[in-house]
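Student: below are the sequence and a predicted model for it; my questions follow.
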Amino acid sequence: MQPLHCPFCKTEIPLNDVNVATDIALCRACGRTTAFSMLQGVETLAHTTLDAPPKGVRIERDVSGGARIIYRRLSPVLFFLIPFTALWSGMSMFGIYIHPLIKGTLKPGMALFGLPFLLGTVVLLGVITFLAAGQWVITLHRGAGSVFVGVGTLGWTRTFTYDRQTLVSLRMTAVEVNHRYQTGIWIKTGETELTFGAVLKDDAKQFIASAIMKAAAAG
């Protein structure tokens, strides 16, 4: 097993000071305890190279030392979702709205009955659009970071700060994929925490988290 280091003072932690059963590691140099599982994630990120981004990831740097990490990758789910949506939504929308409108027989009761199908169609089209054209953009610039998820300029953004005391690791989340809990990118600066990216590919999560860790270490 690779050596473990305290995330606070960077001192190596002997294996005798690690209790795997309770998931606790003690640093005798600074007296702080840390989750053993988190330390493993930190060590993995520390040894991750940024020279070769994984598939779907690219990193853009600027002259001021900032960086943008962009993740975009087509999901294989699209090969199921597109024909399913075309069949399910096409049949329901044609039968409930389009055909009656053409015949002039659309009634208010039938229109109300079709609202769940219409809403489902809108949701499915939104998911398809994101899976096909959506992206994650992580921006790092002089201690200020942001995570944007969306299509074009439409989406949501979460912000965080980072410095040399920031902890970055991969932590288990409540998100399940194929009945397996997924790890997310965890950032903690002071008392503020942010976890994101549970649905990303493992190699992309590791690369992005490592980039954030190394930006934080640089100050």
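Tutor: Received it, and whenever you're ready, just let me know what you need.
Student: rest of the way, CA atoms for contacts and neighbours
Tutor: OK.
Student: what's the closest non-adjacent residue to the one residue sitting closest to the centre of the chain?
Tutor: In the chain, the C-alpha closest to the average C-alpha coordinate belongs to Gly197, at a distance of 1.0 Å (CA atoms, centre = their mean). Leaving aside its chain neighbours, Gly197 sits nearest to Gly184 (5.2 Å; criterion: CA to CA, 6 or more residues apart in numbering).
Student: return the set of buried residues in stretch 161-168.
Tutor: Residues Thr161, Tyr162, Asp163, Arg164, Thr166, Leu167, Val168 are the ones in stretch 161-168 that count as buried (16 or more other CA atoms under 10 Å).
Student: quick one: the helices in the protein?
Tutor: Secondary structure of the chain (DSSP state H): helices located at 36-46, 78-93, 99-103, 108-113, 115-133, 202-218.
Student: next, the buried residues of the shortest one.
Tutor: Okay, so that is helix 99-103. Buried residues in helix 99-103 (16+ other CA under 10 Å): none.
Student: for the record, mean pLDDT for it?
Tutor: What helix 99-103 shows for mean pLDDT is 85.
Student: next one: the first one
Tutor: Confidence over helix 36-46, taken as the mean pLDDT, stands at 81.
Student: and Thr189, which of the helices of the chain is closest to it?
Tutor: Across the helices of the chain, the minimum distance to Thr189, taken as CA to CA, is reached by helix 202-218, at 9.9 Å.
Student: lowest-pLDDT helix or strand in this protein?
Tutor: Lowest on mean pLDDT, DSSP states H and E among the helices and strands of the chain sits helix 36-46, with a mean of 81.
Student: ok, and what's touching it?
Tutor: Here helix 36-46 makes contact (CA atoms under 8 Å, 6 or more residues apart in numbering) with 2-7, 18-20, 23-25, 168-171, 206-207, 209-210, 213-214.
Student: again, only this time at 6 Å
Tutor: Residues from elsewhere that reach helix 36-46 (CA atoms under 6 Å, 6 or more residues apart in numbering): Asp23, Ile24, Ala25, Ser169, Leu170, Ser210.
Student: and the first one, how many neighbours does it have?
Tutor: Look at Asp23: counted by other CA atoms under 10 Å, it has 14 neighbours.
Student: over to the fifth one?
Tutor: For Leu170, the neighbour count with other CA under 10 Å is 28.
Student: re the thing from before, from Phe79, how far out is the residue nearest to Gly197?
Tutor: Distance, Gly184 to Phe79, by CA to CA, to the nearest Å: 26 Å.
Student: between these two, point out the one with more neighbours.
Tutor: More crowded of Gly184 and Phe79, by other CA under 10 Å: Gly184, with 24 against 9.
Student: isn't that one right next to Val199, touching?
Tutor: No. The criterion here is CA atoms under 6 Å, and Gly184 misses it with Val199 at 7.9 Å.
Student: surely Val147 and Ile138 touch.
Tutor: Yes. The pair Val147 / Ile138 is scored as a contact, 4.6 Å apart, by CA under 6 Å.
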